[in-house]
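Participant: here is my input; please provide its structure:
(2 chains)
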Amino acid sequence: AQSVTQLDSQVPVFEEAPVELRCNYSSSVSVYLFWYVQYPNQGLQLLLKYLSGSTLVKGINGFEAEFNKSQTSFHLRKPSVHISDTAEYFCAVSEKRAGTALIFGKGTTLSVSS
Amino acid sequence: NAGVTQTPKFRVLKTGQSMTLLCAQDMNHEYMYWYRQDPGMGLRLIHYSVGEGTTAKGEVPDGYNVSRLKKQNFLLGLESAAPSQTSVYFCASSPLAGVGYNEQFFGPGTRLTVL
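Facilitator: Here you go, the predicted model:
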């Protein structure tokens, strides 16, 4: 079984500051890793995913994440945030086979202010 | 392509009433899922389907039933709604292989309130 822990429930930052949203996972098997974003009153949109290969993954909207197998982490980063990045961010894992459900963390609310 | 659509967008029920939420996808995906989202809980899997005519239980299946009579549709039913089922419900789909493999595509959600 897998589990996901998002270490911060809320992260307030000022516009143009860097941000890191932390995600740790637990699994007895190899997993795929995902970050989704949910803007207010909308569905979930994929930001980026790690399937294999390079541990640094680049996604949409200037976000990137680094897979660290030894620390079982998949932290999300952006060097300079905008007001429009205000949203809830979910880290998720799945087993490495088709059709398996995603296991989500509880989410981190990123609030960007001017 | 419309992607994943959900009907209705909002609904208010009284305790004990029944209803069906419809999810439709036009991407020819084999796999479909129903999740519920509650504040501070993330998304939790209710039921899922690996193909037409097949369904399976997820993490929180009690009080819900599902059916997948057609590949493109996945229905979630509440036979006797309870206030604990007040939530936002998301449907998702994913392909068997190829582009988007292991990525789930989400619908816009249905906000359900049970009084």
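Participant: specify the beta-bridge partners of residue A:108.
Facilitator: Per DSSP bridges, the residues bridged to residue A:108 are residue A:89.
Participant: okay but it is in contact with residue A:86, surely?
Facilitator: No. Counting by CB atoms under 8 Å, residue A:86 is not a contact partner of residue A:108; they are 11.8 Å apart. C-beta: built from backbone N, CA, C; applies to glycine.
Participant: of those two, give the one with the bigger neighbour count.
Facilitator: residue A:108 (22 against 17; other CB atoms under 10 Å in any protein chain shown).
Participant: OK, contacts around that one?
Facilitator: Counting by CB atoms under 8 Å, 6 or more residues apart in numbering or on different chains, residue A:108 makes contact with A:6, A:8, A:9, A:10, A:11, A:21, A:22, A:88, A:89, A:90.
Participant: the last one contacts residue A:109, doesn't it?
Facilitator: No. The pair residue A:90 / residue A:109 is not scored as a contact, 10.6 Å apart, by CB under 8 Å.
Participant: more neighbours: these two, which one.
Facilitator: Ranked by neighbour count (other CB under 10 Å), residue A:90 and residue A:109 place residue A:90 first, with 25 against 15.
Participant: check contacts around the nearest residue to that one once chain neighbours are set aside.
Facilitator: Counting by CB to CB, 6 or more residues apart in numbering or on different chains, residue A:90 lies nearest to residue A:36, which is 4.6 Å off, once chain neighbours are set aside. The neighbourhood of residue A:36, defined by CB under 8 Å, 6+ apart, consists of A:44, A:45, A:46, A:47, A:89, A:90, A:92, B:106.
Participant: what's the spacing between stretch A:32-47 and its chain's center?
Facilitator: In terms of CA atoms, centre = their mean, to the nearest Å, the centre of stretch A:32-47 is found 9 Å from the chain centre.
Participant: now do the buried residues in that stretch.
Facilitator: Neighbour counts using 16 or more other CB atoms under 10 Å in any protein chain shown place A:32, A:33, A:34, A:35, A:36, A:37, A:38, A:43, A:44, A:46, A:47 of stretch A:32-47 among the buried residues.
Participant: that stretch: end-to-end distance?
Facilitator: One end of stretch A:32-47 to the other measures 14 Å (CA to CA, to the nearest Å).
Participant: now do it, average pLDDT.
Facilitator: Average pLDDT, stretch A:32-47: 92.
Participant: now do residue B:111 against chain A, distance only.
Facilitator: 9 Å (CB to the nearest CB, to the nearest Å).
Participant: and that residue, what element?
Facilitator: Residue B:111 belongs to strand B:110-114 when elements are defined using DSSP states H and E.
Participant: low-confidence stretches in the chain?
Facilitator: The chain I'm using is chain A. Within chain A, no stretch has pLDDT under 70.
Participant: not quite, I wanted chain B
Facilitator: B:98-101.
Participant: how about the residues of chain A near chain B?
Facilitator: Neighbours of chain B within chain A, by CB under 8 Å from any CB of the partner chain: A:4, A:9, A:32, A:34, A:36, A:42-46, A:49, A:51, A:90, A:94, A:96, A:98-102, A:104-107.
Participant: so which of these are in strands?
Facilitator: Mapping these onto strands (DSSP state E) picks out A:4, A:32, A:34, A:36, A:44, A:45, A:46, A:49, A:90, A:94, A:104.
Participant: who does the last one bridge with?
Facilitator: What it means is residue A:104. Note on residue A:104: beta-bridge partners residue A:92, judged by DSSP bridges.
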